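1. Model the following, please.
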Amino acid sequence: MMITVAIIAVLALIAVPAFFSQSRKSKASAETASMFAELSTKEEQYKIDQGTYLAVPACAGFPSAQLQSITACIPGAWATMHVNPPESKAYCSYAITVGPQSSTPSAPAPFHMASDGTDPVPVAAWYYILATCDMDGSPTVNSTYFMSSMDTRIQVDKPGN
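-> This is a model prediction of the structure:
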């Protein structure tokens with residue numbers, strides 16, 4: 001009986017942290033996927049209407065391990081683009097960087113603007129969205145999610161942190 005209890009305890013010590021890590025990854029991935037879809041759609045619509053993309057400062061101002069309201073983001077640049085966030089609270093901070101056709105974009109490390117792993121000189125104006133998430137409460141290591149107008153797949157660094 002004692003051996004069975006010991007084996008169950010060891011398995012629990014392994015399984016519980018893995019479960020919480022996967023849970024954090026899932027929350028961040030789901031949030032960023034829906035926010036990136038909304039923000040990229042609104043950027044494309046803004047470009048059609050205004051002829052350029054719109055840079056947006058980080059909103060919410062900082063990533064948090066707790067849900068934080070993003071309603072303060074709506075009166076600013078998000079209102080200009082008519083962003084309608086899928087949720088009123090978020091774990092992650094979202095920023096959009098833009099550039100004209102002739103400029104060479106430099107994606108933040110370790111990300112790349114194009115799916116071939118490069119940051120090429122674009123043939124059109126460009127933007128990228130960067131989400132910074134603090135899913136584990138550690139102030140030193142954050143998860144980052146990235147998507148660009150040249151490669152709409154979501155890239156991730158340190159998921160679940």
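2. and Thr52, how many residues sit next to it?
-> Using other C-beta atoms under 10 Å, Thr52 has 13 other residues around it. From N, CA and C alone the C-beta is placed, and that goes for glycine too.
3. these two touch, right, it and Gln101?
-> No - counting by C-beta atoms under 8 Å, Thr52 stays clear of Gln101, with 10.4 Å between them.
4. any residues in contact with both of the two?
-> Ala125 (C-beta atoms under 8 Å, 6 or more residues apart in numbering).
5. Taking the centroid of this structure, which residue is nearest it?
-> Ala131 (2.8 Å; C-alpha atoms, centre = their mean).
6. Which of the three states applies to that one?
-> Following DSSP: H, G, I helix; E, B strand; the rest coil, we place Ala131 in the strand state.
7. where in the chain is pLDDT low?
-> By pLDDT under 70, the weakly predicted segments of the chain are 15-25, 160-161.
8. any idea where the helices of the chain begin and end?
-> Along the chain, counting by DSSP state H, helices occupy 2-50, 77-80.
9. Please work out which of those is packed deepest.
-> Of these, the one with the most neighbours on average (mean count of other C-beta atoms under 10 Å) is helix 77-80, at a mean of 16.
10. That one - contacts with which helices or strands?
-> strand 56-59 (3 or more C-beta pairs under 8 Å, 6 or more residues apart in numbering; DSSP states H and E).
11. cutoff 10 Å now
-> When contacts are defined as 3 or more C-beta pairs under 10 Å, 6 or more residues apart in numbering; DSSP states H and E, helix 77-80 packs onto helix 2-50, strand 56-59, strand 92-99.
12. coming back round to it: closest to Met113 out of the helices of the chain?
-> helix 2-50 (13.8 Å; C-beta to C-beta).
13. Out of the helices of the chain, which gets nearest to Lys158?
-> Across the helices of the chain, closest to Lys158 is helix 2-50 (C-beta to C-beta), at 10.1 Å.
14. mind checking how far that closest one is from the chain centre?
-> Distance of helix 2-50 from its chain centroid, counting by C-alpha atoms, centre = their mean, to the nearest Å, is 11 Å.
15. Now do that helix against strand 92-99, angle only.
-> Calculated by axes from the mean of the first three to the mean of the last three C-alpha atoms, to 10 degrees, helix 2-50 forms an angle of 40 degrees with strand 92-99.
16. who does helix 2-50 touch, helix- and strand-wise?
-> strand 56-59, helix 77-80, strand 89-90, strand 92-99, strand 126-133, strand 143-148, strand 151-157.
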